[in-house]
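# Fold the following.
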Amino acid sequence: MDNNIYEKYFKDYTTSLYDCGNRLKHRHIKALLPRLEGKKIVDVGAGSGDIRHVLIKELGASPSNYLSVDISAQTLALAEKLANDTGTGPFLSKQADAQRLSKEIDGKFDVIVCSEVL
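Residues are numbered from 1 along each chain as shown. Have a look, this model is predicted:
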């Protein structure tokens, strides 16, 4: 897939953890997931890293067990900045197309996050 569309609209991408849409999304995610201590997590289509932030800060996910995957290098850079700004590092990431993910990353994961991708 050509990722030019993602780069084209990057300037419009929300960076706020607390805008209305993100707050609602975060509330539903927290209600669906258990505590995540010790779980290995991959976030497919990680975007700005807002879900990563919530899972680490509020559900106990470990930053060193959390892999953020996105097709866009710009959004991964934004997610890394959020991790650095909020003290939720280290930030582990992979630029990859979700449609080819099985060929791009190795390993087993306990939790797969895929929000607003399809």
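
# Provide the secondary structure category for the residue positioned nearest the centre of the chain.
Taking C-alpha atoms, centre = their mean, the centroid of the chain lies closest to A46, which sits 2.8 Å from it. Under the three-state scheme (DSSP: H, G, I helix; E, B strand; the rest coil), A46 adopts coil.

# how close does it get to K30?
Distance, A46 to K30, using C-beta to C-beta, to the nearest Å: 17 Å. C-betas here are computed from N, CA, C, even on glycine.

# ok, back up a step: okay, and the beta partners of the closest residue to the residue nearest to the centre of the chain other than its chain neighbours?
Leaving aside its sequence neighbours, A46 sits nearest to S68 (C-beta to C-beta, 6 or more residues apart in numbering; 3.7 Å). Beta bridges link S68 to D43, S93 when assigned by DSSP bridges.

# just checking, S68 touches A77?
No - using C-beta atoms under 8 Å as the test, S68 is too far from A77 to be in contact (11.0 Å).
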